[in-house]
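Chemist: test case, fold it:
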Amino acid sequence: MAILPIVMHPDAILEKECEKVTDFDKKLKKLLANMYDTMIEADGVGLAAPQVGIDLQVAVVDVGDDSGTIELINPEIVQAKGSQTDLEGCLSFPGLYGEVTRPYSIKVRTQDRKGRTVEFQAEDFLARAIQHEIDHLHGILFTTKVEKYITEEELEGYEA
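Modeler: Numbers count the residues shown, from 1 in each chain. From the prediction side, this is the model:
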């Protein structure tokens, strides 16, 4: 598959409400595969279509746990509970990190690559990654939710 160029802020597509997917065809399957390969190559845990310059409500998430790769097509959060504050970064903002508060547990309704509706629960880091990517599909950047930016020195303490 192909590694796609990642769009950097302040590209306008990053702050745009993306179009819903209506065609569940080979082009969509290829896009999902290319987005996954791009995310892995960039050492990310999630990637949304606008981050590769594509105006569609499509995202992939893989946080490296038992949940595997999650494909999100026209996703929506239908329930959210709890609260967690943790560090976030973004492939479209290299080297920028900040603390963001999000719900701890979410219920997501999305479509799979064949257009079937799927619902699932996610918690903790997986829920955070999914919410970050869904925000991208609505033109919402994590920088609008940062409560405190983290310096490179502070980042080393986070990783310890």
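Chemist: centroid residue for this protein?
Modeler: Within the chain, the residue whose C-alpha comes closest to the C-alpha centroid is residue 133; the distance, by CA atoms, centre = their mean, is 2.2 Å.
Chemist: so what's that one closest to, chain neighbours aside?
Modeler: Leaving out its chain neighbours, the residue that sits closest to residue 133 by CB to CB, 6 or more residues apart in numbering is residue 59, at 3.8 Å. C-betas here are computed from N, CA, C, even on glycine.
Chemist: how many neighbours does the one you found have?
Modeler: For residue 59, the neighbour count with other CB atoms under 10 Å is 29.
Chemist: so what's it up against?
Modeler: If you count contacts by CB atoms under 8 Å, 6 or more residues apart in numbering, residue 59 has them with 35, 46, 47, 48, 49, 71, 72, 75, 133, 134, 136, 137.
Chemist: same list (those residues) but as JSON lines, adding pLDDT, secondary structure and distance to residue 106.
Modeler: Compiled in JSON lines, those are given as follows (pLDDT from 0 to 100; DSSP: H, G, I helix; E, B strand; the rest coil; distance: CB to CB, whole Å):
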{"residue": "35", "pLDDT": "98", "secondary structure": "helix", "distance to residue 106": "21"}
{"residue": "46", "pLDDT": "98", "secondary structure": "strand", "distance to residue 106": "14"}
{"residue": "47", "pLDDT": "98", "secondary structure": "strand", "distance to residue 106": "19"}
{"residue": "48", "pLDDT": "98", "secondary structure": "strand", "distance to residue 106": "16"}
{"residue": "49", "pLDDT": "98", "secondary structure": "helix", "distance to residue 106": "20"}
{"residue": "71", "pLDDT": "98", "secondary structure": "strand", "distance to residue 106": "16"}
{"residue": "72", "pLDDT": "98", "secondary structure": "strand", "distance to residue 106": "12"}
{"residue": "75", "pLDDT": "98", "secondary structure": "strand", "distance to residue 106": "10"}
{"residue": "133", "pLDDT": "98", "secondary structure": "helix", "distance to residue 106": "12"}
{"residue": "134", "pLDDT": "98", "secondary structure": "helix", "distance to residue 106": "9"}
{"residue": "136", "pLDDT": "98", "secondary structure": "helix", "distance to residue 106": "15"}
{"residue": "137", "pLDDT": "98", "secondary structure": "helix", "distance to residue 106": "15"}
